[in-house]
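In: sharing a model prediction with you, sequence too.
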Amino acid sequence: MQEVRSVATNSNMTSKHPSGTLETDRKPKLMDSIREAILPRHYSRLTEQAYCHWVKRFIFFHKDLHPA
């Protein structure tokens, strides 16, 4: 008898291309990685939102230029 395993996938780690293939090697987005860094520190939801807003403003101030 063959086992059937269901694997839960993280929504921000997989994406479906128009060709129907799944991409799983994609890096997490910047805001997702910031939220993941804040989560284990047990900051409040408002602090998380403020930090994400500051990061967005910093990026927009520098006009989305890569730092290198």
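Out: Structure's in. What do you need? Residues are numbered from 1 along each chain as shown.

In: secondary structure class for Tyr43?
Out: With DSSP: H, G, I helix; E, B strand; the rest coil as the basis, the three-state label of Tyr43 is coil.

In: what's the neighbour count on Phe61?
Out: 8 (other C-beta atoms under 10 Å). Heads up, the C-betas are built off the backbone N, CA and C, glycines and all.

In: any idea how far it lies from Tyr43?
Out: 23 Å (C-beta to C-beta, to the nearest Å).

In: now do the helices in the protein.
Out: Secondary structure of the chain by DSSP state H: the helices cover 30-38, 45-61.

In: the first one packs against which elements?
Out: Packed against helix 30-38 by the contact rule (3 or more C-beta pairs under 8 Å, 6 or more residues apart in numbering; DSSP states H and E) you find helix 45-61.

In: could you do the last one as well?
Out: Using 3+ C-beta pairs under 8 Å, 6+ apart as the contact definition, the elements that helix 45-61 packs against are helix 30-38.
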